[in-house]
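Chemist: let me see the structure of the following:
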Amino acid sequence: MSPMSYWAMSGQPMFNYMTVSQHPEKKIPMHQERGFLRIKPGTNELALIVSHNFGLASLEEGLCDPVKKELTLETVEVTRISFAKPPFVKKYKRIFKLLSPDTLELTLFMETDKTPLTEHLKAVYKKVE
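Modeler: Take a look at the predicted model:
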C-alpha cells in the first residue's frame with residue numbers, strides 16, 4: 001500500500017491527522033484514518049483519537065521520547081459500529097520515529113480477536129513542501 005499522510009497544526013496543543021492508503025496496482029483508496037493528536041501541555045504525554053473508514057474509532061495514549069525522536073501510543077479504548085465485519089480490532093500500538101528532518105517512519109501493530117499483537121504495517125513518509 002502506498003500511504004499518504006497529512007498533519008496540520010491548529011494553533012492549539014494538537015495536530016489534525018489524516019492518512020489514506022491506496023492499492024499498489026489499482027491506485028484506488030483503501031484504508032483511511034482521521035483524527036487528532038493532542039499533547040498534554042508541559043509534559044511528554046500524548047493522546048491520539050482516530051476514526052477509521054471501516055467503522056471503528058480508537059483512543060490511544062502514550063509518550064514522546066525526544067532522545068529517541070519517537071512517539072509511542074497504545075490503545076486505551078476501541079469502539080465499532082454494530083455491523084462491522086470481523087476480524088475485530090482489539091488493540092493498536094503505533095510507533096512514530098523521526099528518521100531525519102524530512103522522513104517519518106510509522107510502525108503499526110494490531111491485535112484482533114483472531115491474532116495477537118503483531119506488526120501490521122510499516123510506512124515511511126517524506127515531507128513535501
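Chemist: over to Lys27. Which of the three states is it?
Modeler: Classification of Lys27 by DSSP: H, G, I helix; E, B strand; the rest coil places it in coil.
Chemist: quick check: pLDDT value at it.
Modeler: On pLDDT, Lys27 comes in at 86.
Chemist: count the residues that sit near Leu104.
Modeler: When neighbours are defined as other C-beta atoms under 10 Å, Leu104 has 19 of them. The way it works is simple: take the backbone N, C-alpha and C, and place the C-beta from them, glycine included.
Chemist: number of residues surrounding the nearest residue to it once chain neighbours are set aside?
Modeler: Counting by C-beta to C-beta, 6 or more residues apart in numbering, Leu104 lies nearest to Tyr125, which is 4.5 Å off, once chain neighbours are set aside. As a burial measure, Tyr125 scores 18 neighbours (other C-beta under 10 Å).
Chemist: return the list of strands paired to the helix or strand where Tyr125 lies, each annotated with direction.
Modeler: Taking DSSP states H and E as the definition, Tyr125 sits inside strand 118-126. On the basis of DSSP bridges, the sheet neighbours of strand 118-126 come out as strand 103-112 (antiparallel).
Chemist: residues making contact with the strand it pairs with?
Modeler: The contact list for strand 103-112, computed with C-beta atoms under 8 Å, 6 or more residues apart in numbering, reads 3, 5, 86-99, 117-127.
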